[in-house]
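Colleague: Fold the stuff below for me.
(one chain, ligands or ions: 2)
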Amino acid sequence: MKGPSTTSPQLPRHGRGHRHSPGSINYRANIDALKRAGVTDLLSVSACGSLREDMPPSSFVIVDQFVDHTVARSSSFFGEGLVAHVSMAQPTCGRLGSMVYGCADEAAIPVRRGGTYLAMEGPQFSSLAESRIYRAWGCDVIGMTNMPEAKLAREAEMCFLTVAMVTDFDCWHPDHAHVQVADIVRVLGENAENAKRLIRALAPRLREARPTPCPHGCDRALEGALVTSPGARSADMVAKLDAVAGRVLRL
Ligand SMILES: CSC[C@H]1O[C@H](OP(=O)(O)O)[C@H](O)[C@@H]1O
Ligand SMILES: Nc1ncnc2[nH]cnc12
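Modeller: Ligands and ions are numbered 1, 2, ... in the order given. Have a look, this model is predicted:
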């Protein structure tokens, strides 16, 4: 979501025609490009499996926590020559969460506030044993894309929120067949209109809220996070991170 006087750009993370697998999406390029385009608030709308009986297919869940179980992705903009440690204690933006919840309520879209998203590596779906473990861990929904997206959005000082569109019961439910792509695509199609209504309702609310700083500090996440002393910073890294971290690097 871009600043007050602009429209809301959308970015299909799997590329046009769904060419990128969850593990091969260039998440850093996506977040960097959005930051350069002036985006301040990022709503991640994602198809997810449900790990709970009371979050059935077609329901929407406003995710507020993540368990990152991905293993093979670049999950930070920072590293050798420019080290930073941001907090992920509250990985989603509470202000964005309240706005989305209000919009869903007004638009009579069934939505649940709060849920933990298990990010798996994929691209294969989970085994029954894995699905049962994630349920035992207290996770609510499962997907393959929101990590490292949420971590990178935090490093880029964006307000970030995931709306999980539940499409299936993964493979743990004794009364439901295990998940298949065709079911996900069908349920997504049935819920596309609700997702569009939600986003349309959110845009004007964001425009009203945005002139004020984020009350949860998402837009200041890098303050106090850089540990590499100015004299030891790699000029290359500083140049590369001009959009993501320019605000604090120029201080
Ligand atoms: C097409 S089924 C599996 C695919 O769906 C989800 O993607 P997204 O989060 O972009 O909606 C899931 O994480 C998998 O990547
Ligand atoms: N069951 C599932 N596991 C992982 N990603 C998903 N996306 C939609 N359903 C999913």
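
Colleague: Looking at the residue nearest to residue 43 when sequence neighbours are not counted now. What's its pLDDT?
Modeller: Spatial nearest neighbour of residue 43, excluding adjacent residues (C-beta to C-beta, 6 or more residues apart in numbering): residue 161 at 5.6 Å. From N, CA and C alone the C-beta is placed, and that goes for glycine too. Reported pLDDT at residue 161 in the predicted model: 98.

Colleague: host element of residue 161?
Modeller: Using DSSP states H and E, the element containing residue 161 is strand 159-168.

Colleague: Could you verify my assumption that the residue nearest to residue 43 touches residue 45?
Modeller: No. Residue 161 lies out of contact with residue 45 (C-beta atoms under 8 Å); the separation is 9.6 Å.

Colleague: which of the two has more neighbours?
Modeller: Each of residue 161 and residue 45 has its neighbours counted (other C-beta atoms under 10 Å); residue 161 has more, 27 against 19.

Colleague: for the more buried one, what are its contacts?
Modeller: 41-44, 62-63, 92-93, 96-97, 100 (C-beta atoms under 8 Å, 6 or more residues apart in numbering).

Colleague: where are the low-confidence patches of this structure?
Modeller: Where the chain drops to pLDDT under 70, the residues are 1-8, 251.

Colleague: redo that, cut-off 80
Modeller: Within the chain, the set of residues satisfying pLDDT under 80 comprises 1-9, 210-211, 251.

Colleague: In it, what residue spans correspond to helices?
Modeller: 27-36, 94-106, 128-136, 146-155, 181-209, 235-240, 242-249 (DSSP state H).

Colleague: So the strand holding residue 161, near ligand 1 or not?
Modeller: No. Strand 159-168 lies apart from ligand 1 when judged by C-beta under 6 Å from any ligand atom; the minimum separation is 7.5 Å.

Colleague: and the angle from that strand to helix 27-36?
Modeller: For strand 159-168 against helix 27-36, the angle by axes from the mean of the first three to the mean of the last three C-alpha atoms, to 10 degrees is 130 degrees.

Colleague: and strand 159-168 with ligand 2, contact?
Modeller: Yes. Applying C-beta under 6 Å from any ligand atom, one finds strand 159-168 in contact with ligand 2 at 167-168.

Colleague: Given that strand, what are its sheet partners and their directions?
Modeller: Note on strand 159-168: by DSSP bridges, its sheet partners are strand 41-50 (parallel), strand 60-63 (antiparallel).

Colleague: Residue 149 is nearest to which of the ones you listed?
Modeller: When the strands paired with strand 159-168 are compared by C-beta to C-beta, strand 41-50 sits nearest residue 149, at 6.0 Å.

Colleague: relative orientation of the closest one and helix 128-136 in degrees?
Modeller: 120 degrees.

Colleague: could I get the helices of the chain as CSV with mean neighbour count and distance to ligand 2?
Modeller: As requested, the helices of the chain are exported to CSV (neighbours: other C-beta atoms under 10 Å; distance: least, C-beta to the nearest ligand atom, whole Å):
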stretch, mean neighbour count, distance to ligand 2
helix 27-36, 19, 16
helix 94-106, 19, 20
helix 128-136, 15, 8
helix 146-155, 25, 10
helix 181-209, 15, 5
helix 235-240, 13, 31
helix 242-249, 17, 27
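
Colleague: Need the ones you listed in JSON lines (columns: distance to residue 119).
Modeller: Compiled in JSON lines, the helices of the chain are given as follows (distance: least, C-beta to C-beta, whole Å):
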{"stretch": "helix 27-36", "distance to residue 119": "11"}
{"stretch": "helix 94-106", "distance to residue 119": "18"}
{"stretch": "helix 128-136", "distance to residue 119": "10"}
{"stretch": "helix 146-155", "distance to residue 119": "4"}
{"stretch": "helix 181-209", "distance to residue 119": "16"}
{"stretch": "helix 235-240", "distance to residue 119": "25"}
{"stretch": "helix 242-249", "distance to residue 119": "21"}
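
Colleague: how close does residue 138 sit to ligand 2?
Modeller: Per C-beta to the nearest ligand atom, to the nearest Å, residue 138 is found 17 Å from ligand 2.
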